[in-house]
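1. Take this sequence and fold it.
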Amino acid sequence: MYTLTTMNDPRWDKLAKVFCSSTSIKSGDKVLLQIVDLDALPLLFALQRKALEAGAASVDYQIILPDLERSFFERATDTQLDFVPKWNMVQMKEVDVFIAARACMNGLNLKEIKTERVMRRSRATRRVLDERVKNTRWCVTRVPTDHDAILAGMSTPAYIDYYFAAVLQDYRALKKKNLALKKLMERTDSVHIQAPGTELKFSIKNIGVVSCHGERNIPDGEVFTAPIRNSVTGVINYNVPSLYKDREWSNICFEFSKGKIIGCSCDQGETELEKVLDTDKGARFIGEFAIGTNIGIQQAAKNTLFDEKIFGSFHLTPGRAYDEADNGNKSAIHWDLVKILTPEFGGGLIKFDGVPIMEDGKFVHDDLLALNS
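-> Now for the predicted structure:
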């Protein structure tokens, strides 16, 4: 899909401006750009142009090829999986701004690789990732490809338009709308969610709440917190398929007791799912609860970066909690799993302290009505 036409699409420059604004690139900054696969080249060129125009002192880049990643996992010994060169951390500590764009040519590229090998590598590289998340101004996206279009059930031109409609949002306006939901969540104790296959209760009392409006992920649009770690009880059936660790997962169901996942199932069978949940002790507890607020995203596309922001959805995430909304859960995984509450998916209801705030995918609380438009 990398052609002169896509290379010259003026919307890449518009998106690069969004990234430069989100990461506040300024004179003297050291910028690291990372792309995964060559279909992200149009955005890489646009980002380089805009970062240099903003006065960055250096604009370095990395190009990662998924076929090489697969080759590594096929051949590496356990020692090689565990080894992370010191210069990876040194480079990340030098960086002020990190921007990444992934072009997913095949989301199942590691499907035949044993899950435990992928998880072992994730644990090894966690320190570098934590350094990037905690100490750089970072933002990430995933650029459109033919593969993404197929997954979403769209033609490639239609998917490209869908992509730019989702990412080129008015994030300043979204920030103002999200603020009302943030304030409401900050004063909420109990959350009750009812939907087909789902009956959940938990508390978010005194946990931090964060509005996401274009400063980390592009596209953006969510407000997140975390449940008190041992408070989640009930069952949930996620109705959005997930591509995670280069596998497709669907119809995932969890049963909770005192915050812990004590039972699980999915269409792919329990064995592989149990392996993910056995990554470490924190993998069976929830590290994030979030509500999607991007009005431009109203359908699932098997793309977590987009799906977790679907308007009328929420996600409840096994694994690591974010520092800004920390419930104490630590883990090498953070798996955003999404449930849509619109009528097409059977509807559903979210209550805060017994008061309905979302019904059938629409905000119904008086303080939140502006989010519906």
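
2. Sketch out the low-pLDDT regions of the chain for me.
-> In the prediction, the chain carries residues with pLDDT under 70 at positions 1-6, 105-108.

3. Now the residue positioned nearest the centre of it: closest residue in space that isn't a chain neighbour?
-> With the centre of the chain defined as its mean C-alpha position, the nearest residue by Cα atoms, centre = their mean is L305, 4.3 Å away. Sequence neighbours aside, R142 is the residue nearest to L305 in space, at 5.1 Å (criterion: Cβ to Cβ, 6 or more residues apart in numbering). All C-beta spots, glycine's among them, are computed from the backbone N, C-alpha and C.

4. for L369, same thing?
-> Spatially, and ignoring its direct neighbours in sequence, L369 is nearest to F363 (6.1 Å; Cβ to Cβ, 6+ apart).

5. Kindly provide the distance from that neighbour to N206.
-> To N206, F363 is 24 Å away according to Cβ to Cβ, to the nearest Å.

6. Between these two, point out the one with more neighbours.
-> Remark: of F363 and N206, F363 carries more neighbours, 23 against 9, as counted by other Cβ atoms under 10 Å.

7. isn't that one right next to S373, touching?
-> No - counting by Cβ atoms under 8 Å, F363 stays clear of S373, with 10.1 Å between them.

8. ok, and what's touching the helix ranked longest in the chain?
-> Taking DSSP state H as the criterion, the chain has its longest helix at helix 115-135. Under the contact criterion Cβ atoms under 8 Å, 6 or more residues apart in numbering, helix 115-135 has outside partners 73, 76, 78, 81-84, 88-89, 92-93, 95, 98, 110, 138, 245-247, 272, 275-276, 279-280, 323, 332-333.

9. one more time with 7 Å, if that's ok
-> With contact meaning Cβ atoms under 7 Å, 6 or more residues apart in numbering, helix 115-135 is reached by 73, 81-82, 84, 88-89, 92-93, 98, 110, 138, 245, 272, 275-276, 279, 332.

10. do the same with stretch 356-370
-> Stretch 356-370 is touched from outside by 177, 180-181, 184, 312, 340-343, 347-351, 355, 371-372, with contacts defined as Cβ under 7 Å, 6+ apart.

11. List the buried residues of that stretch.
-> Residues of stretch 356-370 classed as buried: I357, M358, E359, D360, G361, F363, H365, L368 (neighbour count, 16 or more other Cβ atoms under 10 Å).

12. Narrow those residues to those in strands?
-> Counting by DSSP state E, the part of those found in strands is I357, M358, E359, F363.

13. circling back to that earlier point, give me the element the residue nearest to L305 is part of.
-> strand 137-143 (DSSP states H and E).
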